[in-house]
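**Q** Got a predicted structure plus its sequence, pasted below:
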Amino acid sequence: MQVKPLGDRVLIKPLETKDMKKGGIIIPDTAKEKPQEGEIIEIGPGRITDEGKKITMEVKKGDKVLYGKYSGTEITIENTEYLIMRESDILAIIG
């Protein structure tokens, strides 16, 4: 299935965090925090201003990004978890 975000929205696949911390402690799934790092899978065409001007996206497919802990809407496509969020919810490109 193909998903194409609209406007200034992006489709992000959250990157999994490591299960083991430096001290060798394994953290169970129920205690893990949501990942705040992800990879951009798809991007929308960009935002349109009130004057009708198109603002291009600053991010592109394949970028690794940081986003807020509770940003976006969680969706599942073919048993894989994704997030859809506005480009403005992305904090930084990792790089």
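**A** Cool, got the structure.
**Q** contacting residues for the residue nearest the centre of the chain?
**A** Per C-alpha atoms, centre = their mean, the C-alpha nearest to the average position across the chain is that of Ile12, at 3.2 Å. Listed by C-beta atoms under 8 Å, 6 or more residues apart in numbering, the contact set of Ile12 reads 38-41, 65, 67, 72, 82-85. (Glycine included, C-beta is placed from N, CA and C.)
**Q** 6 Å instead?
**A** Ile12 is in contact with 38, 40, 83, counting by C-beta atoms under 6 Å, 6 or more residues apart in numbering.
**Q** For the residues you listed, give me a markdown table that also has pLDDT and secondary structure.
**A** Listed next are these as a markdown table, based on pLDDT from 0 to 100; DSSP: H, G, I helix; E, B strand; the rest coil:
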| residue | pLDDT | secondary structure |
| --- | --- | --- |
| Gly38 | 94 | strand |
| Ile40 | 96 | strand |
| Leu83 | 94 | strand |
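**Q** could I get the residues you listed as CSV with distance to Thr49 and neighbour count?
**A** Listed next are the contacts of Ile12 as CSV, based on distance: C-beta to C-beta, whole Å; neighbours: other C-beta atoms under 10 Å:
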residue, distance to Thr49, neighbour count
Gly38, 27, 24
Ile40, 23, 21
Leu83, 25, 20
